[in-house]
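Participant: What follows is a predicted structure for the sequence shown.
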Amino acid sequence: MSLTASPSPASPSPGALPDVDGLPAARAEAPPAPMAEPLRGLALIGRLEQLAQAELARLADRSGSAECALPAPVDPALAGLAWDLGLSGEAAAKAARER
């Protein structure tokens with residue numbers, strides 16, 4: 001019995017895949033794609049500003065429909081009264097609109 005850590009012919013190396021004949025097949029790995037250098041300093045600030053301007057433009061395009069979707073502001077006194085009476089937020093908003 002040998003105590004050395006030599007690989008046996010029955011067990012292929014961990015990186016090799018056995019082929020149909022039992023022989024290790026070569027892996028066909030593509031070389032890794034080169035990573036782009038991350039933006040730093042003024043270039044990063046400029047890119048973030050471009051993204052922010054694009055997001056603001058998208059929000060401005062949708063603002064016409066968004067204003068209609070917002071609930072009307074509720075008077076804090078009415079909101080407190082509705083809370084004390086156990087009314088839901090929808091009931092308080094409905095009462096505020098009817099006022």
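Facilitator: Here it is on my side, so go on. Numbers count the residues shown, from 1 in each chain.
Participant: Quick one: the strands in the chain, in order.
Facilitator: Per DSSP state E, the chain carries strands over the ranges 17-18, 24-25.
Participant: average model confidence for the first one?
Facilitator: Meaning strand 17-18. Per-residue pLDDT over strand 17-18 has a mean of 54.
Participant: Helices along this protein, start to end?
Facilitator: For the chain, the helices defined by DSSP state H cover 41-69, 76-85, 89-98.
Participant: Would you reformat the ones you listed as TSV and include mean neighbour count?
Facilitator: C-betas here are computed from N, CA, C, even on glycine. Shown next, in TSV, are those (neighbours: other Cβ atoms under 10 Å):
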stretch	mean neighbour count
helix 41-69	10
helix 76-85	12
helix 89-98	13
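Participant: can you put the ones you listed in TSV and add distance to A33?
Facilitator: As requested, these are exported to TSV (distance: least, Cβ to Cβ, whole Å):
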stretch	distance to A33
helix 41-69	21
helix 76-85	56
helix 89-98	52
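Participant: Rebuild these as JSON lines, extending it with mean pLDDT and distance to P31.
Facilitator: Shown next, in JSON lines, are the helices of the chain (pLDDT from 0 to 100; distance: least, Cβ to Cβ, whole Å):
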{"stretch": "helix 41-69", "mean pLDDT": "84", "distance to P31": "27"}
{"stretch": "helix 76-85", "mean pLDDT": "83", "distance to P31": "63"}
{"stretch": "helix 89-98", "mean pLDDT": "74", "distance to P31": "59"}
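Participant: Select, out of these, the one closest to P32.
Facilitator: helix 41-69 (24.1 Å; Cβ to Cβ).
Participant: how close does E98 get to M35?
Facilitator: Remark: distance between E98 and M35 (Cβ to Cβ, to the nearest Å) = 61 Å.
Participant: How about A60?
Facilitator: 35 Å.
Participant: which residues sit in contact with E98?
Facilitator: E98 makes no contacts at all, as judged by Cβ atoms under 8 Å, 6 or more residues apart in numbering.
Participant: quick one, phi psi at P31?
Facilitator: P31 adopts backbone torsions of phi -70, psi 150, taken as degrees, to the nearest 10.
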